[in-house]
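Chemist: here's a sequence, model it:
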Amino acid sequence: MSDTTRNRLRSKKTLILEYREAHSLKRVGMPELKAIEAQLGARLGDRGKTSPSYIAHVLRAAGTRVETDTGSEGRYADTFLQEPYATRLRGLLQFGDFETAEKSLRNLDTAHREYLAAGNHLGARVVRALALKGKLRAQSLAANRRVNPEKREEKQEIANWFRVWLQAPDLFSEWLGLRRQSEEFQQKFRGQQPLRDE
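Modeler: Numbers count the residues shown, from 1 in each chain. Predicted structure coming up:
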């Protein structure tokens, strides 16, 4: 069996853990995540394409400390899985449809306000990084021509919701109510009803 065939049969997770072992990684940052990402691409070709977020998740599960910021590259890193934020924020980012996106943004907004009220500015930044990730993922789906046109339009709308929240969280709730009641929204997305306040 050739090395190429052997590599194809090995999983990305296995190769990440082998890299970790070979380089005795106890702590990694974005440069190491990018190096592992490049190594996976070199060894697995197109099948090796993965995000630094996934690599960070595998390394954390194996006990490696992953240190990334929530700045310009924070959108690629899974910073929001680090404690003490993991328990509070895990599962909040969802946007399968308008209802789950609205609920997700309201929950993120609540967490953001709680962190700010407690003076936890890092927590507030982590929530913003999570919302930015949601916006970027929704935009990516909206641009994907393999996704059906109706779903793409829905994802673009949801990306706009995340954008508005990121720009003006204090105005978001009122804006979203008006947006969902607007004639344009009603014509584009018939049958989509806003969530009731709980």
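
Chemist: what is the longest helix seen in the chain packed up against?
Modeler: In the chain, assigned by DSSP state H, the helix with the most residues is helix 121-143. Here helix 121-143 touches helix 85-89, helix 98-117, helix 149-167, going by 3 or more C-beta pairs under 8 Å, 6 or more residues apart in numbering; DSSP states H and E. For every residue, glycine as well, the C-beta is placed using N, CA and C.

Chemist: can you lay out those helices as a markdown table showing mean neighbour count, mean pLDDT and distance to Q139?
Modeler: Shown next, in a markdown table, are the helices and strands packed on helix 121-143 (neighbours: other C-beta atoms under 10 Å; pLDDT from 0 to 100; distance: least, C-beta to C-beta, whole Å):
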| stretch | mean neighbour count | mean pLDDT | distance to Q139 |
| --- | --- | --- | --- |
| helix 85-89 | 15 | 82 | 21 |
| helix 98-117 | 18 | 95 | 13 |
| helix 149-167 | 18 | 95 | 4 |
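
Chemist: neighbouring contacts of the longest helix of the chain?
Modeler: For helix 121-143, the surrounding residues in contact (C-beta atoms under 8 Å, 6 or more residues apart in numbering) are 70, 74-75, 79-80, 82, 85, 88-89, 92-93, 95, 101, 104-105, 108, 111-112, 114-116, 147, 151-153, 155-156, 158-159, 162-163, 165-166.

Chemist: quick one, it and helix 149-167 angle?
Modeler: On the basis of axes from the mean of the first three to the mean of the last three C-alpha atoms, to 10 degrees, helix 121-143 is oriented at 160 degrees to helix 149-167.

Chemist: check the offset of helix 121-143 from the chain's centre.
Modeler: Relative to its parent chain, helix 121-143 has a centroid offset of 6 Å by C-alpha atoms, centre = their mean, to the nearest Å.

Chemist: tilt between that helix and helix 98-117?
Modeler: With the same axes, to 10 degrees applied, the angle from helix 121-143 to helix 98-117 works out at 160 degrees.
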